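Chemist: Got a sequence here, can you build the structure:
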Amino acid sequence: MALHPVVEAVTSRIIKRSAPSRAAYLAHLDAARLQGPQRGALSCTNLAHGFAAFPANDKLKLRELKKPSVAIVSSYNDMLSAHQPFESFPAIIKDAVREAGAVAQFAGGVPAMCDGVTQGQPGMELSLFSRDAIAMSTAIALSHNMFDAALYLGVCDKIVPGLLIGALHFGHLPAVFVPAGPMTSGISNKEKARIRQLYAQGKATREELLECEAGSYHSAGTCTFYGTANSNQMLMEIMGLHLPGAAFITPGTPLRDALTAAAAKRAVEISQQGGTYIPVGHVVDEKCIVNAVVGLLATGGSTNHTLHLVAIAKAAGIVIDWDDFNELSAIVPMLTRIYPNGDADVNHFQAAGGPGFVIRELLDAGLLHDDVTTILGRGLRAHCAEPFSDGAGVYWKPVPEKSADENVLRAAVNPFAPDGGMVLVAGNLGRAVMKVSAVKPEHRVVEAPALTFNSQEDFMHAYSAGKLDRDFVAVLRFQGPRANGMPELHALTPALANLQDAGRHVALVTDGRMSGASGKVPAAIHVSPEILAGGPLGLVRDGDIIRLDAGAGTLEALVPAAVWAARSLATTDLSPNQVGMGRELFSMFRSTISEAEKGATTFALPSPIHTTLPLHEAADIGDTVPGSDEDTLIKNPI
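Modeler: Numbering: from 1, shown residues only. All right, here's what the predicted structure looks like:
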C-alpha cells in the first residue's frame, strides 16, 4: 500500500528541518571510520594493553588486525530483575563470536537504576539524568577504539535510550541490541491495580500490598506491564535494531540463549570485516525515527518516549518535536490493549502475535516506511517474523495472519481506536503531552478550580487529610528537569483514581513525568517550558479555573489576560532536592539540561566538522566494502 500522506508529510518536514545537523552528523560518522579494524589506529603499546588479558587464540586474532573485535556493553546488575539475566550473556556472546571467527570483549558496564525501586524516593530524581550518564558511560566503554561492532545489553526505562544515544555517538560502528526478555506472568494487572487503590484508601494493609506486589514482580525478567521498559523493546524491534521477535522471549529458555548467540554472530557479519557493513548511524535515520513514533503510538507506549525519542533523534542529527507526535497520533490506529491500556501483559501480547504482527499490519496500512536499513539490511518487512529454536540455532517464520486474541492485539482494519491515544495540549500554561488511550471519553475534558502543590508529598498529605474530596485540577509544580530531575509521579495515581471513581472531576497538570504506567485519570504532563525556564505554570494560583480538553488540544488557565500578565512566577525552596542520595553530584545536569520538548538532554546537536584531514570514504548501504576479506555487496545479508 502507498505510504499514508500524513506519514509522508511529517517525514519530509523532519528531513528538511534536520538537513544541516544530519549532514554534520554523517560527516562525523564518516570521519571516524577507518578502513580495516578500528584498532589498527592504535600504537603497539595501546594495542598490547588492549589484548593483554586475553587467551592466546583471541590475542592472536587481535594482533593480526584482520578479524573484527566486537564490544559488549552491558547494563547487568542483579538488583534490577530485568537485567539480572544479562549475567550469563557475555559467555554466550564470546563463544558465538569465536565460532564466527572473531573476538568479543566486554568493553564496559553502564549504570542501570530501577524506577520501580526508586519510585517516590529521592533516588528517582536521578532517574532521567541517568539516561545521559548511561550514554556517557557507553562512550567511555567504546573510547578505547578497539572495536568494529558492538552489542548493547539493556532493557529498561532510561537504559536503552542511553545506550542508543551512546551508540549513535559512535555511529560508524554497527550495533545490535540484545534484550533479556520479560518475566513470566504473575497476578493479573487488574488485581494489582485494585489492591493499590484499596491501600490508598486505607482499606488494605501494607502486608497485603507487599504480597500483591511480590506476586506481580516475582522473578528475573522485565516487568510485564507495557511501561517504558517494554516500550523500549517494541521500539528496538520496529527500528530494526533487534533480531526479529527478540523482545518478548522469556529469560532462561533455549530460544532466549539461541537469540543471544545469533545476535552476536550478526554483529560480526555487519562489521566491515564481516563484509556486510551496516553502521548504526545509517540505520537510525529520519524514516527510522518516524517508524519508531508510529510504533509507539500504535501500541499505546510510554509517554517517556516523547522525551527519549527526541533525544535519540538528536544524537543522530535529527530534529523532531511534539507536533510530529501529535499529527501522527491522529492517523495511527491503536492495535493493542496491554496494561495500563488493558488487562493483558506483554506475554499475552507476544502469544497473540507480538511485535512482528504489529509491524506487518502497519506496513500493510501504509503507516511505516519499509525502505529503511535494519541490522538485516533489507527493509523493515524482514522483521515481520517470529523466532523459533530447533536446538541448533534460530529460525524464523512469518507472523500469523490473524491475531490469536483480539482482546489484546488486532489488525489495522479493526483497531481498538482510530488514533494513537497520545495528544499535544497547549495554551497559556505551555505545551504538554497527554496520554488518553486509557482515559474514558467522558473524562477527557475537565474544567475545575486549580489546587497547586509543590511536591507529590504535599498532594498526598492533603489527600490523606480528606481535603481533596471535590472537583479540582491538581497543578503539581517544580517537577521539571531543572527543578528536581523530573521524577515520575506514580504515587498520585491511586489517589486520583479513587477520587475519579467516587464521581469527582479531577485531572493532573504537571511539569513532571508519569511514564508508561499513566492510566485512567486525565494528566497533562511534561509541561514545557518548566517554571525554572520561565514557564507559565508558575503563574497559576489556587482557585484559577483550569480547562484541560484532550479533544480540542487545549491547556488553559481561564484567567483574564490583564490579571495573568500582572502576576509573577511562583517560587519555592528547592535546596532539599539538591543534596542527599547523590543528588549533589548531578547539579551540572540540572543547570544545563534542555526543555522537555527538546528531549531533556545535556548534549547538543552535531555541528559541522572542521578539519584539514581527509575524510575516510564512506561505505553506503549497497556498496562494496573495501578492506573486507572479500568485497561483498551489502545486500540481503541473511
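Chemist: Is residue 442 in a helix, a strand, or coil?
Modeler: Three-state assignment for residue 442 (DSSP: H, G, I helix; E, B strand; the rest coil): helix.
Chemist: got a list of what it touches?
Modeler: By C-beta atoms under 8 Å, 6 or more residues apart in numbering, the contact set of residue 442 is empty. Any C-beta I mention is one placed from the backbone N, CA and C, and that applies to glycine too.
Chemist: cool, and the one 5 residues further on?
Modeler: With contacts taken as C-beta under 8 Å, 6+ apart, residue 447 has the following neighbours: 505, 545-548, 558.
Chemist: All the helices of the stretch 251-400 of the chain, residue numbers only.
Modeler: Secondary structure of the stretch 251-400 of the chain by DSSP state H, counting those that start in this stretch: the helices cover 254-269, 280-283, 286-298, 305-315, 322-329, 346-352, 354-364.
Chemist: ok, longest strand in the chain?
Modeler: When the chain is parsed with DSSP state E, its longest strand is strand 445-453.
Chemist: Can you show me the CA trace of that one as CSV?
Modeler: The C-alpha coordinates for strand 445-453 follow below in CSV (Å, rounded to 0.1, in the frame of the first residue of the first chain):
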residue,chain,number,x,y,z
VAL,A,445,-12.4,17.2,29.3
VAL,A,446,-12.0,18.7,32.8
GLU,A,447,-12.8,22.2,33.8
ALA,A,448,-12.3,22.8,37.5
PRO,A,449,-10.5,25.0,40.1
ALA,A,450,-6.8,24.7,40.4
LEU,A,451,-5.1,23.4,43.6
THR,A,452,-1.4,24.0,43.5
PHE,A,453,1.2,21.7,45.0
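Chemist: Need the residues that contact the helix or strand following that strand.
Modeler: Downstream of strand 445-453, the first helix or strand assigned by DSSP states H and E is helix 456-464. Contacts to helix 456-464, defined as C-beta under 8 Å, 6+ apart, come from residues 120, 200, 451, 453, 468, 474, 476, 479, 489, 491-492, 495.
Chemist: Look over these and name the one with the lowest pLDDT score.
Modeler: Within those, the minimum per-residue pLDDT falls on residue 200 (76).
Chemist: gap between that one and residue 464?
Modeler: Residue 200 is 9 Å from residue 464, where distance means C-beta to C-beta, to the nearest Å.
Chemist: can you map out the helices along the stretch 451-600 of the chain?
Modeler: 456-464, 481-484, 492-501, 561-566, 587-592.
Chemist: Give the PyMOL command for selecting the buried subset of the contacts of helix 456-464.
Modeler: Those of the contacts of helix 456-464 that count as buried under 16 or more other C-beta atoms under 10 Å are selected in PyMOL with:
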select buried, resi 200+451+453+468+474+476+479+489+491+492+495
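Chemist: quick one: low-confidence ranges for the protein?
Modeler: Residue ranges of the chain with pLDDT under 70: 515-518, 610-638.
Chemist: what are the ranges of the strands in it?
Modeler: 69-74, 103-109, 149-153, 175-178, 385-389, 394-398, 422-427, 430-435, 445-453, 472-476, 506-510, 523-528, 545-549, 554-557.
Chemist: Now distance to residue 9 too, for those strands, in JSON lines please.
Modeler: Output for those, formatted as JSON lines (distance: least, C-beta to C-beta, whole Å):
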{"stretch": "strand 69-74", "distance to residue 9": "37"}
{"stretch": "strand 103-109", "distance to residue 9": "41"}
{"stretch": "strand 149-153", "distance to residue 9": "33"}
{"stretch": "strand 175-178", "distance to residue 9": "30"}
{"stretch": "strand 385-389", "distance to residue 9": "30"}
{"stretch": "strand 394-398", "distance to residue 9": "31"}
{"stretch": "strand 422-427", "distance to residue 9": "17"}
{"stretch": "strand 430-435", "distance to residue 9": "21"}
{"stretch": "strand 445-453", "distance to residue 9": "29"}
{"stretch": "strand 472-476", "distance to residue 9": "34"}
{"stretch": "strand 506-510", "distance to residue 9": "31"}
{"stretch": "strand 523-528", "distance to residue 9": "24"}
{"stretch": "strand 545-549", "distance to residue 9": "25"}
{"stretch": "strand 554-557", "distance to residue 9": "24"}
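Chemist: now residue 351, nearest residue through space, not along the chain?
Modeler: Computed as C-beta to C-beta, 6 or more residues apart in numbering, the closest residue to residue 351 that is not its neighbour in sequence is residue 404, at 6.1 Å.
Chemist: Can you tell me which of the contacts of helix 456-464 is closest to residue 379?
Modeler: residue 489 (40.6 Å; C-beta to C-beta).
Chemist: and that closest one, how far is that from residue 268?
Modeler: 44 Å.
Chemist: go on, residue 40?
Modeler: 17 Å.
Chemist: Check residue 59 too.
Modeler: 18 Å.
Chemist: Those two: which is more packed in?
Modeler: In terms of neighbours (other C-beta atoms under 10 Å), residue 268 is the more surrounded of residue 59 and residue 268; the figures are 28 against 16.
Chemist: Distance of the more buried one relative to residue 259?
Modeler: Distance from residue 268 to residue 259, by C-beta to C-beta: 15 Å.
Chemist: Name only those of the contacts of residue 447 that count as buried.
Modeler: For the contacts of residue 447, buried by 16+ other C-beta under 10 Å: 505, 546-548.
Chemist: any idea which of those residues is closest to residue 71?
Modeler: residue 548 (46.6 Å).
Chemist: my guess is residue 484 contacts residue 575, does it?
Modeler: No: counting by C-beta atoms under 8 Å, residue 484 stays clear of residue 575, with 10.7 Å between them.
Chemist: The two: which is more packed in?
Modeler: Taking neighbours as other C-beta under 10 Å, residue 484 and residue 575 compare with residue 484 leading, 24 against 7.
Chemist: and residue 301, what are its phi and psi?
Modeler: Backbone dihedrals for residue 301, given as degrees, to the nearest 10, come out at phi -80, psi -180.
Chemist: My read is that it contacts residue 295, right?
Modeler: Yes: taking contacts as C-beta under 8 Å, residue 301 lies within contact range of residue 295: 7.5 Å.
Chemist: which neighbours do these two share?
Modeler: Common neighbours of residue 301 and residue 295 (C-beta under 8 Å, 6+ apart) are 234-235.
Chemist: Looking at the two, which has the bigger crowd around it?
Modeler: residue 301 (31 against 27).
Chemist: out of the helices of the stretch 251-400 of the chain, nearest to residue 82?
Modeler: Going by C-beta to C-beta, the one of the helices of the stretch 251-400 of the chain nearest residue 82 is helix 346-352, 11.6 Å.
Chemist: in that closest one, what counts as buried?
Modeler: Quick answer for helix 346-352 (16+ other C-beta under 10 Å): 346-350, 352.
Chemist: And stretch 407-427, by the same measure?
Modeler: By neighbour count on 16+ other C-beta under 10 Å, the buried set for stretch 407-427 is 408-412, 415-416, 419-427.
Chemist: Let me know the closest of those residues to residue 11.
Modeler: Looking across those and measuring by C-beta to C-beta, the closest to residue 11 is residue 420, at 16.2 Å.
Chemist: Quick check: phi and psi at the closest one.
Modeler: Backbone torsions of residue 420, given as degrees, to the nearest 10, read phi -80, psi 0.
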